[in-house]
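Undergrad: predicted model follows, preceded by the sequence.
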Amino acid sequence: MSAQLVQFLLTGLTVGAIYALVALGFAIIYNASHVINFAQGEFVMIGGMATAAFVESGLPLLVAAPLAVGGATLVGIALEKLAVEPARGAPVVTLIIITIGASIFLRGLASLIWDKKIHSVPSFSGETPIRFGGATLLPQTLWVLGATVVTVALLWWFFNRTLTGKAILAVSHNRLAAQLMGISVRRVLLVSFGLSAALGALAGVLIAPISFTTWDVGVMLGLKGFAAAILGGMGSGPGAIVGGLALGLIESLGAGYLSSAYKDVFAFIIILAALIFLPDGLAGRRRATERV
Amino acid sequence: MFFRTLLAAAGLALAFAAPAQEPIHIGSFLSVTGPAAFLGDPEQKTLELYVEKINAAGGVNGRKLKLTVYDSAGDAEKARAFAKRLIEQDKVDLIIGGSTTGETMAVVPLVEQAQIPFISLAGAVVIVEPVKKWVFKTPHSDRQACERIFVDMKARGTTRIALITGPGGFDKSMRGQCMGVAKKHGIEILADESYGAGDTDMTAQLTKIKNTNGVQAVLNCGFGQGPAIVTKNYRQLSIGHPLYQSHGVASKGFIQLAGGAAEGVRLPAAALLVADSLPGSDPQKKVVLAYKNEYESRFKSDVSTFGGHAYDGLMIAVDALRRAGVVDKAVVRDAIENTRAFMGTAGEFNFSATDHVGLDVTGFRMLEISGGNWTLAR
Amino acid sequence: MASPDAAAPPSASSISGTSRRGLLALAAVVALLPLALPNNYTYEIAILVGLNAIVCVGLNLLIGYAGQISLGHAGFFGLGAYGSAILAARYGWPTPLSLAAAVAAVALLAWAIGRPILRLKGHALAMATLGMGIIVSVVIATEDRYTGGPDGMAVPPLGIAGATLAGERAWYWVVGGLLVATVWLAQNLIDSPRGRAWRALHGSEVAAGAIGVDPARHKLSAFVLSAALAAFAGALTAHYAGFITPAKASFLHSIELVTMVVFGGMASTMGAVLGAAVLTTLPQLLTVFKEYEMVMLGAVMMLTMIFMPQGLVPTLGRALAAARGKPR
């Protein structure tokens, strides 16, 4: 019986780690610009699809994956430069619609550049299942969890130990003050979009060997990542991670012990409850009261 | 009959007299994008390829074919609007399309009212039961798939099974049909799990099935990437029972995705997938091999049974048009209904006033994946 | 979203004149449009525009005036559609009754869930409404004994005592009339004290509270009204099409509805109508681009929002006013 629980937990953590990476992307852009970037899922798609395309064209995975993440980063920067930046000063909801337009655009573009078929990406280190406490896991699961831990550590270092990272934090706390201190908000926005795109693409590369990838895989992963970001408290880095893992665990435990048909419903009921009873998210801190 | 022949002769005469006639207009709405794009994509390619080929060979009854395809993106409301556009604005002579059951069913009232022949490419049995006068379909029904699977299970001594179902219309409809006919075939369903759209991992559901006492085999009703993930997770958890998939995964892509995990998976599918290994005496061999070679050499990608459904639909329509001789909708409809012993990629079609799918279960071959390829199961 | 920098509603003084002119223009368009509609297909598109516009006018009261986002209105749309369809098809209710019951039930539901979730702000409210919408669509897709599952279900036509509303032309006049009535209702509400309270909320909730506007009550009224209109349009859509699938209750449809409102111009009733018209017709026009259709749709959305950040109607209105002002 406990082997079953171990299996559910492992599944939940793997899926949750992916949600967490996507959620981090949402949080970073939200912090820098207060935009909820609905094109975040498309970065996941680009990461997976580009890797698959590069591998199919004969490149080794070790080259294909970084190329894909790099390509997605450029797309993220281009999105900021070409679509968000020109709309500077527009209402936030207008910016959100722009990102929705961008996600439709990118999805359409992906179906043109690649195709509408489902693609697979080879596992990083084989497919022989590993036994663990009566449960089994794929080696790729270890890659997902390991890469997530490393990424989170790198992000922590970036935001706390580098000037650019600190500048982003400063802008998210008080844009005007940061500007007065000589921080270039435009550069911060560019870096944030690039970083978010890279995180999304990384998630796409990591999950593709487990769940395959297609031109429209970003819709659902983007949605789940958004939910995770909110569950953890929008704009909070640790919150995004906690939210992602929690969402993954809720889904797998819900499917395992309650009803697999209604697992998404449980997940969203818990999110609704969390929003109502913990309005600042699982890892939330009270924000300053609103001023008139 | 005499009248019809006369009309045909008149049509033929006209064809010679006026070579620059209006083309015969075939309308189509397909899920070229959206979640069912892997159905609509090969369907569209097939229709375009063969309309081009038929026209190059002189068309039908001396008239060229004109094809108009709209992308309904798996959305029933869009399908309805496009069907209306085909009927009212483009004034097509017949419709071949509807990749999914939802899109097809949304359009059925329109074609019945407009009295225009409609050949659907979707799976569920509700499309042709009860029979609708103007609606035909070319894929096997999901109920037939269930029955074919259950017959195979019984033959191998399996009576207690688990179901795992995907989120799509095809998936849920097949699950319902399988549960409906299970009893008749002496099959007992012990577990009934499902997964959602975009799910990346089904080990939780499969672990539950694995720990259900008495399960002898597992059937996955689904299409798209879901079944490939289920297959991989199934092997990861080293569940020993046989795994059955539906005809929804009947493309080489499935084997490529699931890789080694696909070994031993059984499913019912049309002969198209095993075209090369059919015995020379098989009456279907010629048709399926020709379509396969044509499609694969043009598009440089593996053939799927979905494109085959479009091929069957178009060829049945062309055959009916040739027999009808005229492009009168009622005459063409009657000609389609009178299609007998027509060999398509899905099997031999025998339509009648009470049967608008025209295929029997024998068209379904039981396949097993072995050595990275489809093989005829024994 | 609820942030103060969102499009500020026009000042109350200019509203009455502009809105009356808008209403008249809309009525004229509805009356004259059939002259430009050659066949039933074009009528179909016009009807779909009208039905979507009814939802958007309601949603605009919530988003544009009360300043509250909702990413779950397709859920209400779907509940209205399926509620009426199930009562009529499975339980044999007369369709006018099933429609009224479905709309009333959705209004009640919106009231019940609106009370807790409207305390949330901005992205939290977006998430809560999104979650609610997804729960509705999962239930609809799963409970196939009642709903037919993802393949959808057939819906009886709208009618009383044997006489049914059938044919595109008849439906056109019904939907056109209902749209004009909805716009009239919305404009009257906006000009009423309630509308002023909504606009006050949009500006600043804290400030509105300080001058005696009860934020919770007024947010709730906008939410319930918009949900009821969505359910009403949903039920009409189902009865008109004779068929309904869960796609109409999906998260993507919710996003589509919000996009229509913002695209046309927030805090502009005519903007909501125009947004619905453009974004319903656009995919039909873009079919000429074949496989480039999605790319074009995305590009049009982005470019419009970049160059008209306030939406179509407010931007065009301002341009018109400027052009008229110049010659003098």
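TA: All right, it came through fine.

Undergrad: distance of C:Pro156 relative to C:Phe243?
TA: 11 Å (CB to CB, to the nearest Å). In this view, the C-beta of every residue, glycine as well, is placed from N, C-alpha and C.

Undergrad: same thing with C:Leu252?
TA: From C:Leu252 to C:Phe243 the distance is 19 Å (CB to CB).

Undergrad: what about the two, which has more around it?
TA: Under the neighbour definition other CB atoms under 10 Å in any protein chain shown, C:Leu252 and C:Phe243 were set side by side, and C:Phe243 has more, 26 against 15.

Undergrad: tally of neighbours for the residue nearest to the more buried one when sequence neighbours are not counted?
TA: Excluding its sequence neighbours, the residue lying closest to C:Phe243 (CB to CB, 6 or more residues apart in numbering or on different chains) is B:Ala106, at 4.3 Å. By other CB under 10 Å, the residues close to B:Ala106 number 28.

Undergrad: which helix or which strand is home to B:Ala106?
TA: According to DSSP states H and E, B:Ala106 maps onto helix B:101-114.

Undergrad: how far does whatever helix or strand comes next after that helix sit from its chain's centre?
TA: Going down the chain from helix B:101-114, the next helix or strand is strand B:118-120, by DSSP H and E. Distance of strand B:118-120 from the chain centroid (CA atoms, centre = their mean, to the nearest Å) equals 11 Å.

Undergrad: which other residues reach the helix or strand that strand B:118-120 is followed by?
TA: Counting by DSSP H and E, the next helix or strand C-terminal to strand B:118-120 is strand B:135-137. For strand B:135-137, contacts defined as CB atoms under 8 Å, 6 or more residues apart in numbering or on different chains pick out B:104, B:108, B:111-112, B:117-122, B:127-128, B:316, B:336-337, B:351, B:356-358.

Undergrad: now the buried members of the residues you listed.
TA: Among the contacts of strand B:135-137, the ones that count as buried by 16 or more other CB atoms under 10 Å in any protein chain shown are B:104, B:108, B:111, B:117-122, B:127-128, B:316, B:336-337, B:351, B:356-358.

Undergrad: next, count neighbours for C:Ile211.
TA: Around C:Ile211 there are 8 residues (other CB under 10 Å).

Undergrad: before we move on, what about B:Asn373?
TA: 15.

Undergrad: just list whatever residues bridge to it.
TA: B:Ser370 (DSSP bridges).

Undergrad: mind checking how far it is from B:His309?
TA: From B:Asn373 to B:His309 the distance is 22 Å (CB to CB).

Undergrad: and if you look at C:Ala197?
TA: 58 Å.

Undergrad: give me the more crowded residue out of these two.
TA: B:His309 (30 against 23).

Undergrad: can you tell me the element that one falls in?
TA: helix B:305-324.

Undergrad: list of residues touching the helix or strand following that helix?
TA: Sequence-wise, the next helix or strand downstream of helix B:305-324 (DSSP H and E) is helix B:329-337. Outside of helix B:329-337, the residues within contact range by CB under 8 Å, 6+ apart are B:4, B:7, B:93-94, B:115-117, B:119, B:133-134, B:136, B:316-317, B:319-321, B:323-326, B:351-353, B:356.

Undergrad: quick one: distance of helix B:329-337 to the chain centre.
TA: Distance, stretch centre to chain centre, for helix B:329-337: 21 Å (CA atoms, centre = their mean).

Undergrad: also stretch B:367-378?
TA: Worked out by CA atoms, centre = their mean, stretch B:367-378 lies 20 Å from the chain centre.

Undergrad: could you count how many residues lie near the residue of chain B found nearest chain A?
TA: Across chain B, the shortest distance to chain A (CB to the nearest CB) belongs to B:Gly198, at 2.6 Å. By the criterion of other CB under 10 Å, B:Gly198 has 22 neighbours.

Undergrad: can you check the one 10 residues further on too?
TA: Summarising burial for B:Lys208: neighbours were counted as other CB under 10 Å, giving 20.

Undergrad: which secondary structure element is home to it?
TA: helix B:203-210.

Undergrad: partner strands of the helix or strand just after that helix, parallel or antiparallel?
TA: Once the chain leaves helix B:203-210, the next helix or strand it forms, by DSSP H and E, is strand B:217-221. Applying DSSP bridges, strand B:217-221 is found paired with strand B:160-165 (parallel), strand B:243-245 (parallel).

Undergrad: could the ones you listed go into TSV alongside mean pLDDT and mean neighbour count?
TA: Listed next are the strands paired with strand B:217-221 as TSV, based on pLDDT from 0 to 100; neighbours: other CB atoms under 10 Å in any protein chain shown:
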stretch	mean pLDDT	mean neighbour count
strand B:160-165	96	24
strand B:243-245	96	25
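
Undergrad: show me where the stretch 1-150 of chain A has its helices.
TA: Applying DSSP state H, counting those that start in this stretch to the stretch 1-150 of chain A gives helices spanning A:2-33, A:40-56, A:61-79, A:92-113, A:139-161.

Undergrad: helices and strands around the strand or helix carrying B:Asn293, which ones?
TA: Applying DSSP H and E as the criterion places B:Asn293 in helix B:285-299. Helices and strands touching helix B:285-299, by 3 or more CB pairs under 8 Å, 6 or more residues apart in numbering or on different chains; DSSP states H and E, are helix B:37-56, helix B:305-324.

Undergrad: how close does the residue nearest to C:Ala231 when sequence neighbours are not counted sit to C:Gly242?
TA: Leaving aside its sequence neighbours, C:Ala231 sits nearest to C:Gly80 (CB to CB, 6+ apart; 2.8 Å). Per CB to CB, C:Gly80 is found 16 Å from C:Gly242.

Undergrad: which one's more surrounded, the two?
TA: More crowded of C:Gly80 and C:Gly242, by other CB under 10 Å: C:Gly80, with 31 against 20.

Undergrad: that one reaches C:Val103, doesn't it?
TA: Yes. With contact defined as CB atoms under 8 Å, C:Gly80 and C:Val103 form a contacting pair (5.9 Å).

Undergrad: report the set of residues contacting both of those two.
TA: Counting by CB under 8 Å, 6+ apart, the residues touching both C:Gly80 and C:Val103 are C:231-232, C:235.
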